[in-house]
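Undergrad: Here is my input, please return the structure:
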Amino acid sequence: MKKTTLLAVIIGFLVACNCQASQQKNQKEEFVLQQGDTLFYENDDFRVVGREKEAYTGYTFRIYDRKTAQSFEYRGGETDALWYLSVYDTCLLLDAGTGAQHRDFVVVDMKNGKERHRQNYVAYEGVGIQGNTFIYWVQIDALPEGVAPPDCPQIEGIPDEQFGYVEKWAFDFNTMKSKSLKEYECIYFE
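TA: Next comes the predicted model:
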């Protein structure tokens, strides 16, 4: 399996979050390439072409199923700024958002072009595919009862109100469901 590096698409976000580039299960060849305003992903079963939206930032994705010769378009919501994250099996993983930290994690079924999952998440370290799950963080208002507060970073000149708690979650590709891993961090919010 070849791992590919994303060219210019969401590089800063991926580096900051240690997200992994494409990880495709049971595939021999794959690649991600950006040429101008078009992004290409291809493996033995699917071809994904992302084109920059004209009226808003981000991409619209056209998914071609090479086995059935069907194609589907995924645009998200009218104001969704969609960015390619990765592919896992028949799931296209997208990031939706323009903010520095608060974004949506979106799973699109490449067999029918339908959105299977969407959840708000925080761009923070450790976001990415691990085994058969996608690991991500969700901001929470308060820690559950009985959980000891994690240490908050000390940054000179930053008021305490700009720190908050996040909870680690995992989206399971086998069940297509998310669950809390009951791990907590205190982070700085911009």
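Undergrad: residue boundaries of the helices in this protein?
TA: Taking DSSP state H as the criterion, the chain contains helices spanning 11-17.
Undergrad: In it, where's the longest strand?
TA: strand 177-188 (DSSP state E).
Undergrad: From the chain's centroid, how far away is that one?
TA: 16 Å (Cα atoms, centre = their mean, to the nearest Å).
Undergrad: and what of stretch 73-80?
TA: Here stretch 73-80 is found 15 Å from its chain centre; the criterion is Cα atoms, centre = their mean.
Undergrad: can you check stretch 123-141 too?
TA: 9 Å.
Undergrad: sorry, back to before: the longest strand of the chain: partners in the sheet, and parallel or antiparallel?
TA: strand 163-172 (antiparallel) (DSSP bridges).
Undergrad: Show me the contact partners of the strand it pairs with.
TA: Applying Cβ atoms under 8 Å, 6 or more residues apart in numbering, the external contacts of strand 163-172 come out as 105, 107, 117, 119, 121-122, 124, 126, 130, 132-143, 149-150, 152-153, 177-189. Just so you know, the C-beta spots here come from the backbone N, C-alpha and C atoms, and that holds for glycine as well.
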